Structure formats: structure tokens, C-alpha cells
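>>> Quick check, what structure comes out for this input:
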Amino acid sequence: CDAAVAVAEIAAGAEEGTAKQEEKDENAMPNIVCLSAGTAHCPQLMGKNGLPIWEATSSAAYILETYGSLIPQQKVMIETTSYDTISNAYFARTTHADVAGWRNILVVTSEFHMDRSKAIFDWVFSAPPVAMSPYRLSYMTTENIGLSEEAIEGRKQHERKGA
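Down below sits the predicted model:
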């Protein structure tokens, strides 16, 4: 795997141990790209200083705070341009995968968000031009941790409308 992209719909609080790496060989370790500036259908989260708090920045901080002894900081990247799943996939490809030459990509997102994310990432990463060898996308879901049952059902309904 060249890179893992974390789609912003991941709820914080994944089980410890899921990011453990047997070897700490930096070259063997994939890059992690946290995606998203925010969510188009929700107000932008703002910090006490009045500046936006980007979802990708928060995700990257969580990864480094939780797994910093296992994951070198230079392996965690952010994308803060997108506000929806289509632009998550587009900017993951055009800003990171195409530029770095990554071909093996793991897309990680919450259970409720996977079906739509998979359809969109497959579509965006198969669009021409594919200058080198084709992309090989794999998918991994995280549990819907950190959300109430009511919130999960609301997100599922939202996803069904968008699919």
C-alpha cells in the first residue's frame, strides 16, 4: 500500500492497535492522507481564535497524538480543500496520488459512509487520464464510534439520498 486516505466521515475514537506497525521502517510504512476541510451541509467549525478548524487537521492531530510513537509525522498529510465526498476523492487523486505516483491506495471511512465513498472513489480514480499503471483501491471501514444511534441513522439516510 502506498497510501491510506482517511475520508472525513470517520468518527474519532478507533480502537487502539488498529494502526500498529510491526516494523518501523519508514519507507515500508504507507503515507496517511487525512481528507476534508469540512462538511458542505454543516456550519464550519471555528476555533476560539476565530479561524476555521479543518476536519483533516483534526484527524491528523488525532492520529499523531494517538499513534505518534508508531507513525512518523512526515507520513501524515492533510487535504483541506474538499467539502464533500466527490471532492475528497478528486483532491486525494490530483493533489496526492497523481503527484506522488501512488498506485495502491487504501480508503478508510465509517461503515455508514462506505458504500457511497467506494462508488465515488472508484469513479474518480478510474477517470482518464491514468498516465501510469491503473490505481488499485482497497477499502476498510471503521465502526460508527462516537455517534449516537440517532445520528448514525440520520447519516445513513443522508448517504442513501446522495448515492
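
>>> quick one, what contacts Thr45?
Thr isn't right for residue 45; it's Leu. Neighbouring residues of Leu45 by CB atoms under 8 Å, 6 or more residues apart in numbering: Gly38, Pro52, Ile53, Glu55. For every residue, glycine as well, the C-beta is placed using N, CA and C.

>>> Give me the buried entries from those.
Burial by neighbour count, 16 or more other CB atoms under 10 Å: within the contacts of Leu45 this picks out Gly38, Glu55.

>>> got CSV for the contacts of Leu45, with pLDDT too?
Shown next, in CSV, are those (pLDDT from 0 to 100):
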residue, pLDDT
Gly38, 83
Pro52, 90
Ile53, 90
Glu55, 90
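
>>> Quickly check the contacts of Leu45 for the two that are furthest apart.
Pro52 and Glu55 (9.7 Å; CB to CB).

>>> correct me, but Met140 touches Val107?
Yes. Using CB atoms under 8 Å, Met140 makes contact with Val107 at a distance of 7.4 Å.

>>> re the thing from before, just curious, which of the contacts of Leu45 is nearest to Asn31?
Glu55 (18.1 Å).

>>> which residues does the closest one contact?
Listed by CB under 8 Å, 6+ apart, the contact partners of Glu55 are Ala8, Cys34, Leu35, Ser36, Ala37, Gly38, Thr39, Leu45.

>>> Among these, which lie within helices?
Here DSSP state H is the test, and the contacts of Glu55 give no hits in helices at all.

>>> So which one of those residues is the model least confident about?
Within these, the minimum per-residue pLDDT falls on Ala8 (48).

>>> intersection of neighbour lists for Pro52 and Glu55?
With CB under 8 Å, 6+ apart as the test, Pro52 and Glu55 both reach Ala37, Gly38, Leu45.

>>> and the residue lying closest to the first one once chain neighbours are set aside, how far is that from Pro129?
In space, and not counting its chain neighbours, Ala37 is closest to Thr80: 4.5 Å by CB to CB, 6 or more residues apart in numbering. Computed with CB to CB, to the nearest Å, the distance linking Thr80 and Pro129 is 25 Å.
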